[in-house]
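sequence and computational prediction follow.
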Amino acid sequence: MEGTVDTVKAQADAKSILIRWANSQDHWVRGIVGDVIARKAACTPDSLEAHYKIFLVEKELGAGEATEVAPLVGLEGLDQAETPLVLAEIRDVQHVNALAPGQQLRFNACLTVVFGENGVGKTGYVRILKLVASVRAAEKILPDVRAEAKSAEPPTGTLAYQLDGTETTIDWKGEQGVFPLTRMDIFDSRFSRIHVDEDLTYVYTPGELALFPFVQEAIDKVKTNLEGETQRINVCPNSFLASVERGTRVHPKIEALGASTDIDELRGLAEVRSEEEARLPVLAREIEALKSSSPDVQHRVATIEITFREHLDSFLTGVATFNPAGYKVALEALGVGRKEHEDITSNAFRDERIPGLLRKEWHEFISAGEKYLASLGEGSTFPKSGDQCLYCRQDLQTKALDLVAKYRRYASGESAKKLKEAETQVQQSTKPILDAAIDGNLESISDKIQSSGAQSDVNILTKTHAFLLKLNGFKESLVKREICEWPEWESELEQLRLDLENEIKGLRDTATALKKRTEDKQQELKTRESQVLDIKARLWLKKSLPEIEKYVSDKKWADKGKAHLLRFKGLLRSLTEASKEASQELLNHDFERRFAEECTNLACPKVDLNFPGRQGQVSRKKSVAATYRLDEVLSEGEQKVIALADFLAEAGLKASKAPIVFDDPV
């Protein structure tokens, strides 16, 4: 009787520790603890959902009025002793190992001993009991593996038990953990290793110590719910940005949408006055008008006209380098040189009776010979005795040698050189006009005059056209090497160039003005388009504001949720400390005493007990040295008696009766 009083007192102390811990926590935690104490079991899914909602409201993560939970007091409703459980019968077993069907195994209320040869099926029944009791070493039940036709059916059978004097029958279909048969304790050879070397939580945890894992489980569930909701919100993308034009005032606000967004600022942007909205059609018409007006087209036309006239001015600048006086001097020098050369040639070939002497074709024939000799590299010595004619390849006789020598003197003599120099001087003096593309410019000017509409645009072009016609006639005279008088040449050309320069200047001024108008128009167009985009973006914001507010609210919720998630670690740690304190007060002390007694009864070797509580769980661990497992130190027999002592001490913690099953323990 004393032991019962001590146990109740210790359990009351354990519950008091849990209550004291709960009363120092938030209301939602206190609500969970009160629920667990009232149920003496884990919270139901519905009650967990309710506790989660209370947590959300209390932490301003949910709507509603916060629930205040009064401090927990008292031990009312404690029911320390459970009704005795008696295993009555197992029968009609099928598909379990090689057990024969139709067998019946009755159990005595006090002690039942089942014996027989190895392999007759004793362990098969123990495996059934291990599965329905859901003990640590429960294992999958196989059919008869030696049978030719392997059964795919699940194991089945009928189990009977007595509770408070009433017998109840269970149709078992292979389930693991069948209440109230889970109160049974079972020991077999598989348990030896578990009870020796593993860090064990208690299969049976009396009274209020069982409440700590229930509380921890409920808190974990609240944490898991919060983590899930926070994660769901955090991965939700910003789908609003695609609806907002870049460059509007709304775009950067939506681009940075998140927990830090100032909703009042967005509401201010979304306030579009009726007159602003009414201005949209007006702005649309203004934009259309600005797009249809064409100062930019006029500017391009002016630029083309400037380029054309600059080309003409450049052409006339080249023509202006022609020097009539210099040409006249060069032409006179050419006439003198040509006469001198012809006189010398006439005297030299007077007795030769050469057909076509001094005619153009004759000159070309002599020049061709010189070019041919130069290409052969023989010009310096040809002709000499023994050389052949370049044309007929016959040996040159004395007279022929003398004639060819005269030809060469004619072609390369002093008079020939002077004549060539005079010819070159004439060519150089006429080059500015002979090389000028007069015909091409005449054609371009004609086309331009025909395509121009205003007379003011073609006056200078008409003058230039007339000048180029005269210049073309002058060019023909130069080709013929004639002296062509054009007294007004320089004055006409100078005036024409001056007129062109003035027109180019005027066109440049026009182009500058048109460019400015184009830039102003583009700026006005850009301004109005920006106004339209801004108003439309703000109208969209006004329409989308409820969804955006919800998005921002969710992000803020997730940020707050993340902050509260960080506090769960400390909360669970404090629960573990309270659980360790309670287990130290009750379970560990009681278990340690019982374990010591069983070790003495079984003559066990000395081992150390440790109780490393974690996450609200109470557990125990045995050792003989810090760095070695028991199975590395103890013999097989020593391990078995240690395991048996641990099992008996744990089973002895129960305040009520329940079956204990041994299967070849020693």
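Perfect, thanks for sending it.

alpha carbons only for contacts and neighbour counts from here, please
OK.

what segments of this structure are strands?
For the chain, the strands defined by DSSP state E occupy 85-94, 104-106, 156-163, 166-172, 185-188, 200-201, 608-610, 619-623, 660-663.

who does the fifth one touch, helix- and strand-wise?
Contact partners of strand 185-188 among helices and strands, from 3 or more C-alpha pairs under 8 Å, 6 or more residues apart in numbering; DSSP states H and E: helix 122-133, helix 636-651, strand 660-663.

adding mean neighbour count and mean pLDDT, write the strands of the chain out as JSON lines.
Below are the strands of the chain laid out as JSON lines (neighbours: other C-alpha atoms under 10 Å; pLDDT from 0 to 100):
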{"stretch": "strand 85-94", "mean neighbour count": "20", "mean pLDDT": "89"}
{"stretch": "strand 104-106", "mean neighbour count": "12", "mean pLDDT": "90"}
{"stretch": "strand 156-163", "mean neighbour count": "18", "mean pLDDT": "89"}
{"stretch": "strand 166-172", "mean neighbour count": "13", "mean pLDDT": "88"}
{"stretch": "strand 185-188", "mean neighbour count": "22", "mean pLDDT": "81"}
{"stretch": "strand 200-201", "mean neighbour count": "17", "mean pLDDT": "52"}
{"stretch": "strand 608-610", "mean neighbour count": "13", "mean pLDDT": "73"}
{"stretch": "strand 619-623", "mean neighbour count": "19", "mean pLDDT": "66"}
{"stretch": "strand 660-663", "mean neighbour count": "16", "mean pLDDT": "83"}
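
can you list those strands in a markdown table and add distance to residue 534?
Output for the strands of the chain, formatted as a markdown table (distance: least, C-alpha to C-alpha, whole Å):
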| stretch | distance to residue 534 |
| --- | --- |
| strand 85-94 | 79 |
| strand 104-106 | 87 |
| strand 156-163 | 75 |
| strand 166-172 | 73 |
| strand 185-188 | 77 |
| strand 200-201 | 67 |
| strand 608-610 | 72 |
| strand 619-623 | 67 |
| strand 660-663 | 81 |
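
out of the helices and strands packed on strand 185-188, which gets nearest to residue 497?
Taking C-alpha to C-alpha, helix 122-133 is the member of those nearest to residue 497, at 116.1 Å.

please save the CA atoms from the closest one in PDB.
Provided in PDB are the C-alpha atoms of helix 122-133 (Å, rounded to 0.1, in the frame of the first residue of the first chain):
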ATOM      1  CA  LYS A 122       5.300 -22.300 -30.200                       C
ATOM      2  CA  THR A 123       7.100 -19.200 -31.600                       C
ATOM      3  CA  GLY A 124       4.400 -18.800 -34.300                       C
ATOM      4  CA  TYR A 125       1.800 -18.000 -31.600                       C
ATOM      5  CA  VAL A 126       4.300 -15.700 -29.900                       C
ATOM      6  CA  ARG A 127       4.700 -13.800 -33.200                       C
ATOM      7  CA  ILE A 128       1.000 -13.200 -33.300                       C
ATOM      8  CA  LEU A 129       1.000 -11.900 -29.800                       C
ATOM      9  CA  LYS A 130       4.000  -9.600 -30.500                       C
ATOM     10  CA  LEU A 131       2.200  -8.100 -33.600                       C
ATOM     11  CA  VAL A 132      -1.100  -7.400 -31.800                       C
ATOM     12  CA  ALA A 133       0.700  -6.100 -28.800                       C
END
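
who touches it?
96-97, 99, 114-116, 137-141, 174-179, 181-186, 661, 663 (C-alpha atoms under 8 Å, 6 or more residues apart in numbering).

check the offset of it from the chain's centre.
Using C-alpha atoms, centre = their mean, to the nearest Å, the mean C-alpha position of helix 122-133 is found 57 Å from that of the whole chain.

cool, and stretch 436-448?
Taking the mean of its C-alpha atoms, stretch 436-448 sits 62 Å from the chain's own mean (C-alpha atoms, centre = their mean).

what of stretch 232-249?
The mean C-alpha position of stretch 232-249 is separated from the chain mean by 15 Å, C-alpha atoms, centre = their mean.

got it, and stretch 496-515?
Offset of stretch 496-515 from its chain centre (C-alpha atoms, centre = their mean): 56 Å.

returning to that earlier point: looking at the strands of the chain, which is nearest to residue 23?
For the strands of the chain, the distance to residue 23 is smallest for strand 619-623, at 25.2 Å, taking C-alpha to C-alpha.

neighbours of residue 435, just the number please.
11 (other C-alpha atoms under 10 Å).

against residue 427, how distant is it?
Shown here: residue 435 relative to residue 427, a distance of 10 Å by C-alpha to C-alpha, to the nearest Å.

please apply the same query to residue 645.
Per C-alpha to C-alpha, residue 645 is found 132 Å from residue 427.

for the residue nearest the centre of the chain, give me its contacts.
Against the mean C-alpha coordinate of the chain, by C-alpha atoms, centre = their mean, the closest residue is residue 237 at 12.5 Å. For residue 237, the contact set (C-alpha under 8 Å, 6+ apart) is empty.

appreciated, that's everything.
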